[in-house]
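Undergrad: for reference, the sequence and a predicted model appear below.
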Amino acid sequence: MSALMASPSESMTVDEAMRRPIGPGRLRETVTDMAARTPPDDPPAPLPTGVSVARHAGTLTWATFAPLFHAVGAPWLWRDRLTRSPAEQEAHLADPGVVVHVLHDGVGAALGFCEMDCRDAAAGFRVLYFGLVPDAIGGGLGRALFARALADAWHMGPVCIRLDTCTHDHPRAVDFYRRFGFSVTGRRVVEADDPRLTGLLPRDAAAHVPLAPLVERPPALRTDAG
């Protein structure tokens, strides 16, 4: 049973966030918007022995993809995708302009993915989600996966590639993306329901982020322990 009725997410400026109290059951995160306008100079390095990357464009179903999405995203409180209906999930993944690169180990187990909206080269592509399962983080596999997803995207001729990362993501995410030519284009604050209180995620997800209390709190840019 949910402890909180769901309400919409809100985006605000940093100044607004420092003036507005945080609502009961809500989390705040500072979002960093980034963009790259030229591809990296170096091609992707070879993959480790036994590791492979599969490219999907309109060929995944939510039933097959959801377990990987949850395994990668729950530790970082990924929530927005989970508010869609199953039919919306299926329609999104069936679009050939939504390209998902999935990283596999030597026995075929999925270790992570990079999902990108590649539907409008003139407006620029967008990295929607990127990450690894917890046990795969820290060995260079993320760099290998992201390099291949980026190289594939740049071959389609976008004017730029955009993404965002937030203070609930990996603490070195901004530096990671800078190494691939991304630079910061802006910062904003997003406030949303704690997905563990609305039932979108288990209560024990992202244990490093305390559950949002069901009381109003003073203004802040983020509400985790950092």
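TA: Nice, thanks for sending it over.
Undergrad: remind me what the helix ranked longest in the chain packs against, helices and strands.
TA: Of all segments of type helix in the chain, defined using DSSP state H, the longest is helix 141-154. Counting by 3 or more CB pairs under 8 Å, 6 or more residues apart in numbering; DSSP states H and E, the packing neighbours recorded for helix 141-154 are strand 52-57, strand 98-104, strand 110-117, strand 125-132, strand 161-166, helix 173-178. To be clear about C-beta, it is placed using only N, CA and C from the backbone, and glycine gets the same treatment.
Undergrad: average pLDDT for it?
TA: Regarding helix 141-154, the rounded mean pLDDT is 97.
Undergrad: what of stretch 158-169?
TA: Rounded mean pLDDT across stretch 158-169 is 96.
Undergrad: buried residues of it, list them for me.
TA: Using 16 or more other CB atoms under 10 Å as the burial criterion, the residues of stretch 158-169 that qualify are Pro158, Ile161, Arg162, Leu163, Asp164, Thr165, Cys166, Thr167, His168, Asp169.
Undergrad: kindly report the same for stretch 175-190.
TA: Phe176, Tyr177, Phe180, Gly181, Phe182, Arg188, Val189, Val190.
Undergrad: give the helix, strand or coil label for the spatially closest residue to the second one that is not a sequence neighbour.
TA: So that's Tyr177. Closest residue to Tyr177 apart from its sequence neighbours, by CB to CB, 6 or more residues apart in numbering: Met34 at 5.5 Å. Under DSSP: H, G, I helix; E, B strand; the rest coil, Met34 falls in the strand class.
Undergrad: and Met34, bridged to which residues?
TA: Listed beta-bridge partners, Met34: Leu163, Val184 (assigned using DSSP bridges).
Undergrad: and it, how close does it get to Val189?
TA: 16 Å (CB to CB, to the nearest Å).
Undergrad: state the pLDDT value of Val99.
TA: For Val99, pLDDT reads 98.
Undergrad: might one say that it is in contact with Arg55?
TA: Yes. With contact defined as CB atoms under 8 Å, Val99 reaches Arg55; the gap is 6.7 Å.
Undergrad: quick revisit: what's around the residue nearest to Tyr177, how many residues?
TA: Other residues near Met34 come to 21 when the count uses other CB atoms under 10 Å.
Undergrad: from Gly142, how far out is it?
TA: Met34 is 16 Å from Gly142, by CB to CB.
Undergrad: for the spatially most central residue of the chain, give the beta-bridge partners.
TA: By CA atoms, centre = their mean, the chain has its centre lying nearest to Tyr129, at 3.5 Å. For Tyr129, the beta-bridge partners under DSSP bridges are Glu115.
Undergrad: my guess is it meets Gly112, correct?
TA: No. Between Tyr129 and Gly112 there is no contact under CB under 8 Å: 10.0 Å.
Undergrad: so what sits against both of these two?
TA: Shared contacts of Tyr129 and Gly112 (CB atoms under 8 Å, 6 or more residues apart in numbering): Val72.
Undergrad: show me the domain layout of this protein.
TA: As given by automatic domain parsing, the domain ranges for the chain are 1-37+160-226, 43-120+131-159.
Undergrad: the last one: how far from the chain's middle?
TA: Offset of domain 43-120+131-159 from its chain centre (CA atoms, centre = their mean, to the nearest Å): 10 Å.
Undergrad: ok, Asp120 - contacts?
TA: Going by CB under 8 Å, 6+ apart, Asp120 touches Gly97.
Undergrad: go through stretch 209-217 and flag the buried ones.
TA: For stretch 209-217, burial by neighbour count (16+ other CB under 10 Å) applies to Val209, Ala212.
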